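> Could you work out the structure for the sequence below:
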Amino acid sequence: MFTVTPIPAFSDNYIWALTEQTAPDRAVVVDPGDAAPVLEWLTSHQLKLDAILITHHHADHTGGVADLLKQFDIPVYGPDSSPFDGITHPLKQGDTLELFGLTLHIQAVPAHTRDHISYFQPEGSGQLFCGDTLFLAGCGRLFEGTARQMLDAMKYFAGLPDTTEVYCTHEYSLANLRFAATVEPKNQAITAVQENCHSLRNADKPTLPSTIGQEKTINPFMRTAQDSVAAAAEHFSGNALSSEVEVMAALREWKNQF
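Residues are numbered from 1 along each chain as shown. Sure, this is the predicted structure:
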């Protein structure tokens, strides 16, 4: 497994730094929206940057790439359909990528944006780098994709091992948990995770990673088949909802207004 270190950026972003003991002097970063904290972290740990992974084109995930490439002649991996023109090694659904002897599996998850991909490393407990598609207790806004695409992404994530560590790219956990608790006020798992996340944030620690197993118990966007979630979505929409896609669409609109 990678050793994964959060590099905070902006107000609530995490740039994930990946290292592995077989390459003790090198690192890879995921979604570097800002170069400065990455360069500072690399310098303080005496590491060289080996590659950049991009999940989607938004500037808070790509804005630091150009400045990093001024310092390091390295590949930039990312979605082949991306409007971001800094990707040197495009990836598509079903591709694999080897870093430090570990294999990453590429999944297209075009919901938050049309070009969004995720990276899954299956060794050990498993590690998922999912950008802005899956959050702790939440999912990304549907800026370019559809509720059907988001549901498909959630089904893919739910099919990964429960132990899989979930490395999303924003510290949205407390706000997401407030929404999840509104959707399912009787869900004790949500209450327990809320308490833990409050403790972590009070100690100035990240609430991440989550796990797939945890998300299946607390995340309304992964629980669209649950009667309690569907009923809450119907109450919000004021209409009968006949499919998980309709439940997903209602939940996402509700969260947009929350």
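
> residues touching Phe170, list them.
If you look again at residue 170, you'll see it is His, not Phe. 12-14, 132, 135 (Cβ atoms under 8 Å, 6 or more residues apart in numbering). Using the backbone N, CA and C atoms, a C-beta is placed for each residue, glycine as well.

> mind running it again at 10 Å?
By Cβ atoms under 10 Å, 6 or more residues apart in numbering, the contact set of His170 is 10-14, 60, 131-132, 135-136, 138, 140, 176, 208.

> Show the contacting residues for the residue nearest to the spatial centre of the chain.
Centroid-nearest residue in the chain, with Cα atoms, centre = their mean: Cys168, separated by 2.6 Å. Cys168 makes contact with 14, 16, 31, 55, 118, 128-136, 138-140, 208-210 under the criterion Cβ under 10 Å, 6+ apart.

> and it, what are its phi and psi?
Cys168 has phi and psi values of phi -90, psi -180 when expressed as degrees, to the nearest 10.

> now the nearest residue to it once chain neighbours are set aside, which residues is it bridged with?
Distance criterion Cβ to Cβ, 6 or more residues apart in numbering; nearest residue to Cys168, sequence neighbours excluded, is Phe135 at 4.8 Å. Under the criterion DSSP bridges, Phe135 forms beta bridges with Gly138.

> pLDDT score for Phe135?
Model confidence at Phe135, given as pLDDT, is 98.

> what do you get for Lys48?
Reported pLDDT for Lys48: 98.

> Which of the contacts of Cys168 fall within strands?
14, 16, 118, 128-131, 134-135, 138-139, 210 (DSSP state E).

> Return the member of the residues you listed nearest to Gly145.
Cys139 (10.6 Å; Cβ to Cβ).

> for that closest one, what are its contacts?
111-112, 130, 132-133, 150-151, 153-154, 157, 168, 176, 215, 219-222, 248, 251-252, 255.

> Which of those residues fall in strands?
Those of those lying in strands (DSSP E): 130, 168.

> And for Val76, the neighbour number?
Using other Cβ atoms under 10 Å, Val76 is surrounded by 20 other residues.

> and what of Ile218?
Ile218 has 24 nearby residues by other Cβ under 10 Å.

> Also the one 10 residues further on?
Applying other Cβ under 10 Å, we find 14 residues neighbouring Ser228.
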